[in-house]
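In: show me the folded form of this:
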Amino acid sequence: MYVALYHNAKAGLREFTLEEIARLFRDEHHEVDVFSRGEHPTDAAIASDAEVIIAAGGDGTVAAMARALWQHRSNIPLYVLPLGTANNVAWSLGLTDVVPSLVRGLASAREARLDIGLIESGEHKAPFLEAAGSGFLGAALHNEFTARARTLRKANRATALPSSRDARVREAARSIARRIRRAPTLSYEVLADGADLSGDYIAIAAMNIRAIGPRMRLAPDANSADGLLDLVLVRPEARQVLATLIELQDEVRAPTIDCRRVQDVELSWPGHGYRDDDPWPPGDALASARHVHLCVGGSVRLLLPTCCLELNRGI
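Out: Okay, here's the model as predicted:
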């Protein structure tokens with residue numbers, strides 16, 4: 001099989017170099033073209049006309065490639081090789097095997113579907129893979145999780161001491177829990193599939209996968225191929241229980257957190273918005289974003305190893 005290997009050398013603990021991963025695929029008799037994130041755009045891998053694109057990195061790498069495939073209306077299937085810290089997309093898809101096993105699993109992988117969400121405000125429109133929303137999650141995901149992960153990577157390089165993924169995630173989770181406990185309450189207008197859910201919340205997230213950030217399992221039943229988004233509404237009285245559950249890395253099933261599957265959401269946008277790992281809308285457009293529309297904009301082809309098919313039955 002001819003594969004395009006799109007690799008992020010900065011992801012996670014850097015356990016595998018690009019050359020090592022390429023060798024693993026070649027040892028399985030695949031023809032491999034390599035592309036490095038930061039040096040090659042996603043478009044270069046898509047233009048290779050490979051039979052499959054391997055997204056080898058963290059959630060940001062997987063999301064960037066999935067969004068690019070959707071934007072290009074490409075028919076090339078995506079295969080995920082999780083090398084990041086949280087690996088929320090891989091966890092949501094049931095990809096828990098070690099890298100060599102997942103490489104071997106490509107030969108017998110079966111086709112599935114991966115939904116791509118869409119967020120719109122006025123002239124601004126953007127796809128997302130993981131989630132889009134507003135409230136403390138926007139500030140926390142962009143400012144806390146990414147900054148803290150960057151700081152930890154620098155510290156590890158300086159001390160030459162390995163750090164486990166779990167340790168990094170737990171540290172980021174504690175930081176976000178502190179932010180949750182002091183998050184401001186904001187008034188939102190929310191219309192979901194015609195139902196008026198307007199009210200006071202500390203966060204709203206339209207999720208396409210089961211967990212975001214440092215493994216915050218806000219939508220543990222989400223299905224990334226059902227054509228629906230899991231709308232998570234976090235009320236102010238949920239602060240303490242949510243913060244504790246995130247610190248414990250537990251599933252969030254609190255009565256003060258409303259999670260429902262929806263097709264279409266109209267939402268007021270008071271600030272601190274995000275889509276995947278980025279603030280949204282970008283730059284000067286932030287001031288003009290007062291309301292947003294959220295839905296599933298389509299899907300891309302996905303290959304899953306047979307070990308994941310039972311978890312993702314129906315996709």
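In: need the contact list for the residue nearest the centre of the chain.
Out: Nearest to the geometric centre of the chain sits Glu130, at 3.4 Å (Cα atoms, centre = their mean). Glu130 is in contact with Asp59, Ala63, Asn88, Val89, Met207, Asn208, Ile209, Ile212, Asp276, Asp277, counting by Cβ atoms under 8 Å, 6 or more residues apart in numbering. C-beta: built from backbone N, CA, C; applies to glycine.
In: tell me where the model's unsure across the stretch 151-300 of the chain.
Out: For the stretch 151-300 of the chain, the stretches flagged by pLDDT under 70 are 151-163, 250-256, 271, 282-289.
In: quick one: the strands in it?
Out: Taking DSSP state E, counting those that start in this stretch as the test, the strands found in the stretch 151-300 of the chain are 186-188, 190-192, 195-196, 199-201, 203-207, 229-234, 257-262, 264-268, 274-275, 278-279, 291-304.
In: tabulate those (a markdown table), appending mean neighbour count.
Out: Converted to a markdown table, these look like this (neighbours: other Cβ atoms under 10 Å):
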| stretch | mean neighbour count |
| --- | --- |
| strand 186-188 | 15 |
| strand 190-192 | 18 |
| strand 195-196 | 10 |
| strand 199-201 | 17 |
| strand 203-207 | 26 |
| strand 229-234 | 24 |
| strand 257-262 | 18 |
| strand 264-268 | 18 |
| strand 274-275 | 25 |
| strand 278-279 | 18 |
| strand 291-304 | 20 |
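In: okay, these in JSON lines with distance to Leu95 next?
Out: What follows is those, written out as JSON lines (distance: least, Cβ to Cβ, whole Å):
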{"stretch": "strand 186-188", "distance to Leu95": "34"}
{"stretch": "strand 190-192", "distance to Leu95": "30"}
{"stretch": "strand 195-196", "distance to Leu95": "34"}
{"stretch": "strand 199-201", "distance to Leu95": "32"}
{"stretch": "strand 203-207", "distance to Leu95": "18"}
{"stretch": "strand 229-234", "distance to Leu95": "19"}
{"stretch": "strand 257-262", "distance to Leu95": "23"}
{"stretch": "strand 264-268", "distance to Leu95": "28"}
{"stretch": "strand 274-275", "distance to Leu95": "23"}
{"stretch": "strand 278-279", "distance to Leu95": "23"}
{"stretch": "strand 291-304", "distance to Leu95": "8"}
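In: which of the contacts of Glu130 fall in helices?
Out: Among the contacts of Glu130, the members found in helices (DSSP state H) are Asp59, Ala63, Asn88, Val89.
In: please name the residues that touch the second one.
Out: Put plainly, it is Ala63. By Cβ under 8 Å, 6+ apart, the contact set of Ala63 is Val89, Phe128, Leu129, Glu130, Asp276, Asp277.
In: can you tell me the closest non-neighbouring residue to it?
Out: Leu129 (4.1 Å; Cβ to Cβ, 6 or more residues apart in numbering).
In: how many neighbours does that neighbour have?
Out: Counted by other Cβ atoms under 10 Å, the residues lying close to Leu129 total 26.
In: please apply the same query to Asn208.
Out: 29.
In: now for it: which residues touch it?
Out: So Asn208 contacts Asp115, Ile116, Gly117, Phe128, Leu129, Glu130, Ala131, Ala222, Ser224, Leu229, Asp230, Val296 (Cβ under 8 Å, 6+ apart).
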